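Novice: I'd like to go over a predicted model; first the sequence, then the structure.
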Amino acid sequence: MKIVVCIKQVPATNDAKIDPETKRIIREGMKAILNPFDTYAVEEAVLLKEKFGGEIIALSMGPEKAELSLREAISVGVDRAVLLNDRAFGGSDTWATSYALSSAIKKIGDVDLVICGKQAIDGDTAQVGPGIAAHLDWLQATYVMEVVDTSNSSITVKRMHEDGYDICELQLPAVITVVKDINTPRVPNLKGRLAANKCEIQVWKPEDIGADIDKIGLNGSPTRVVKTQQPAPRHSSTIKITGTPQKCARQMVRELRLRNIL
Amino acid sequence: MINPNNHIQHKIYDVEILPPKQDSEKLDTDLELFATKYNRVMESGYSVCITDNAMGHLAFQGTELIEELGLKVDPAQVMIHLNTFHTKADIHHILDICKAKGIESLLIITGDGSDRLPKLQPADVCATDVEAVTSVELLKYIQQNYPDTFVLGVAFNPYEPEEHEFAKMDRKIAAGASFIITQPLIEQNAVVDKLLEKYPNIPVTVEAWMSKKLYLLSEAVGYEIPQDTEFDPIQTLKDLHKIYPKCGVYLSLLGFKTQYDLIKDTWI
């Protein structure tokens, strides 16, 4: 099975600043991490490879330093990585991004399965996975919590939704996006990390993937951000509960219910 | 193996060193620095104590660092922290490397988790009577599966509710703990005094906070320490020796550039 796992490097902080002019996140000077949801996508790809064999290619679009996240993916079992890096990709919205990624997937060739995290924690759109499927005209299943079965020609998955879950069988090639419940991502070890540091990351430009320049970057992005505002910070408060253990427990349950936590 | 009584007699410090973080952007430099610190502690005759994802920050394991960097192990000079945020397979992998490398002293702690760290499940350590694995269950599991292999220590937090902490310590001792390391102390602590009275036969090591940034201890001690609080770690270390002459001393956040050469004169 040839699997492409799409990953994104995101700011490591919840305190992201927005550029008032461009309405985009200011990434300079911010520590960056592999999007936490993508770690589950990487792990699922590695689990599938361990079970069925094949090859995993990590694919990302971003600045040069996104290499670090690609190397993190390699350190836990991904075979090779491709970074789409060029000024022309800058400013892409989810539509242009999914177009660029789908063009790269076509270039990689003979891909059976694309796995994405359900969403990135910076944009929270959850649109890129479905966008890739749309551009490729492949079947897709979002919010996958379990890969139930796979064969040479299909994959059966259990997907979460608000009222329960569905079991879907998809003919390959297909795109799935995964949720946290699907697995427990392994933690990279030093040996893997050192080996990953030596791997060459392929860097592709628009012309390498045959991308139409009018469909990427700001020009290819139909999304217009009209206004952004930072949500009011959440103020935490502490309540001290005293009394007998029984009384404290009752009071705690009451407080949790008042906040709709229980 | 590390013998805390021997440490006290021969004025051997336990020096904590933090492994490079997983997300390091200058890993080669960090690895070199780690190896330099490790070797310096070993050459000084002190013991090296390597943390395990301290504060839930993902870092490389002490065992893999020792293996990959080819660091020398003297069983009397190396201690590894081991917490409950690992898979069962990882726990066995770490313990097997420790056994193979001759690392005998382990500090077993519950640890601080994070979203990226798996948590041992009760079934993993054959603990049917608990809902969550703590250092007690991990300790029992290691004792059962690696009999007579390791010397297992545990942590004591004098800033937790006393009754609860002592009850927990009773369970840790019953599970096989053979030495105790406290949370950082900056002065005499009445709860630690009680600990010494209660377990006279268990070696106790007190942790000395070596950073000048005392306010970083706020979370551990449970009250706010102002950022501008003046703190002299070396003087405090000397004081701790006077207050707790029968205890070993564990140095956390020791400055290798400015403080290291000073500590040889602190244990009087």
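Specialist: The structure has been received and is ready for your questions.
Novice: what residues does chain B put near chain A?
Specialist: B:22-23, B:25, B:27, B:58, B:60-61, B:64-65, B:68, B:87, B:90, B:115-118 (Cβ under 8 Å from any Cβ of the partner chain). For glycine as for every other residue, the C-beta is placed from the backbone atoms N, C-alpha and C.
Novice: Restricted to helices, list these.
Specialist: B:Leu27, B:Glu64, B:Leu65, B:Glu68, B:Asp90 (DSSP state H).
Novice: Need phi/psi at residue 193.
Specialist: As the question left the chain open, I've gone with chain A. Dihedral angles of A:Arg193 (phi, psi; degrees, to the nearest 10) stand at phi -70, psi -40.
Novice: my bad, chain B
Specialist: phi -60, psi -40.
Novice: residues near it, how many?
Specialist: 13 (other Cβ atoms under 10 Å in any protein chain shown).
Novice: Would you quantify the distance from it to B:Ile97?
Specialist: Noted for B:Asp193: a distance of 38 Å to B:Ile97, by Cβ to Cβ, to the nearest Å.
Novice: For chain B, what's its nearest residue on the stretch 51-200 of chain A.
Specialist: Minimum separation of the stretch 51-200 of chain A from chain B (Cβ to the nearest Cβ) falls at A:Leu190, amounting to 4.4 Å.
Novice: What ranges in the stretch 1-150 of chain B fall below the confidence cut-off?
Specialist: Applying pLDDT under 70 to the stretch 1-150 of chain B picks out residues B:1-4.
Novice: let's see it at 80
Specialist: B:1-6, B:8, B:115 (pLDDT under 80).
Novice: what about the strands in it?
Specialist: Along the stretch 1-150 of chain B, the stretches classed as strands by DSSP state E, counting those that start in this stretch are B:14-17, B:47-50, B:78-82, B:105-108.
Novice: on that earlier part again, which of the residues of chain B next to chain A lies closest to B:Thr128?
Specialist: Nearest to B:Thr128 out of the residues of chain B next to chain A is B:Thr87 (Cβ to Cβ; 19.2 Å).
Novice: Would you mind pulling the contact partners of stretch A:196-211?
Specialist: Stretch A:196-211 is contacted by residues A:67, A:70-72, A:74-75, A:80-86, A:88-89, A:99-100, A:103-104, A:106-107, A:188, A:213, A:216, B:27 when judged by Cβ atoms under 8 Å, 6 or more residues apart in numbering or on different chains.
Novice: mind checking the end-to-end distance for that stretch?
Specialist: 28 Å (Cα to Cα, to the nearest Å).
Novice: Return the distance of that stretch from the chain's centre.
Specialist: Stretch A:196-211 sits 19 Å away from the centroid of its parent chain (Cα atoms, centre = their mean, to the nearest Å).
Novice: Could you give me the buried positions within it?
Specialist: Buried residues in stretch A:196-211, counted by 16 or more other Cβ atoms under 10 Å in any protein chain shown: A:Ala196, A:Cys199, A:Ile201, A:Gln202, A:Trp204, A:Pro206, A:Ile209, A:Ala211.
Novice: Equivalent analysis for stretch A:37-49, please.
Specialist: Quick answer for stretch A:37-49 (16+ other Cβ under 10 Å): A:Phe37, A:Asp38, A:Thr39, A:Tyr40, A:Ala41, A:Val42, A:Glu43, A:Glu44, A:Ala45, A:Val46, A:Leu48, A:Lys49.
Novice: ok, and of those residues, which contact chain B?
Specialist: A:Thr39.
Novice: which one of the buried residues of stretch A:37-49 is nearest chain B?
Specialist: Ranked by distance to chain B (Cβ to the nearest Cβ), the buried residues of stretch A:37-49 are led by A:Thr39 at 7.1 Å.
Novice: Alpha carbons only: can I get whichever strand or helix holds that closest one in CSV?
Specialist: Using DSSP states H and E, A:Thr39 falls within helix A:36-52. This file holds the C-alpha atoms of helix A:36-52, laid out as CSV (Å, rounded to 0.1, in the frame of the first residue of the first chain):
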residue,chain,number,x,y,z
PRO,A,36,-1.1,17.4,16.9
PHE,A,37,-3.9,15.9,14.9
ASP,A,38,-1.4,15.0,12.2
THR,A,39,0.6,12.8,14.6
TYR,A,40,-2.4,10.4,14.6
ALA,A,41,-2.4,10.4,10.8
VAL,A,42,1.3,9.6,10.8
GLU,A,43,0.8,6.8,13.4
GLU,A,44,-2.1,5.3,11.4
ALA,A,45,0.0,5.2,8.3
VAL,A,46,2.9,3.6,10.1
LEU,A,47,0.5,1.0,11.6
LEU,A,48,-0.9,0.2,8.2
LYS,A,49,2.6,-0.2,6.8
GLU,A,50,3.6,-2.4,9.6
LYS,A,51,0.6,-4.6,8.9
PHE,A,52,0.5,-4.6,5.1
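Novice: Now it: average pLDDT?
Specialist: Averaged over helix A:36-52, pLDDT sits at 95.
Novice: Distance from the helix or strand containing B:Asp170 to the middle of the chain?
Specialist: According to DSSP H and E, B:Asp170 maps onto helix B:162-175. Chain-centre distance of helix B:162-175: 18 Å, with Cα atoms, centre = their mean.
Novice: For it, name the packing helices and strands.
Specialist: helix B:135-145, strand B:151-156, helix B:190-198 (3 or more Cβ pairs under 8 Å, 6 or more residues apart in numbering or on different chains; DSSP states H and E).
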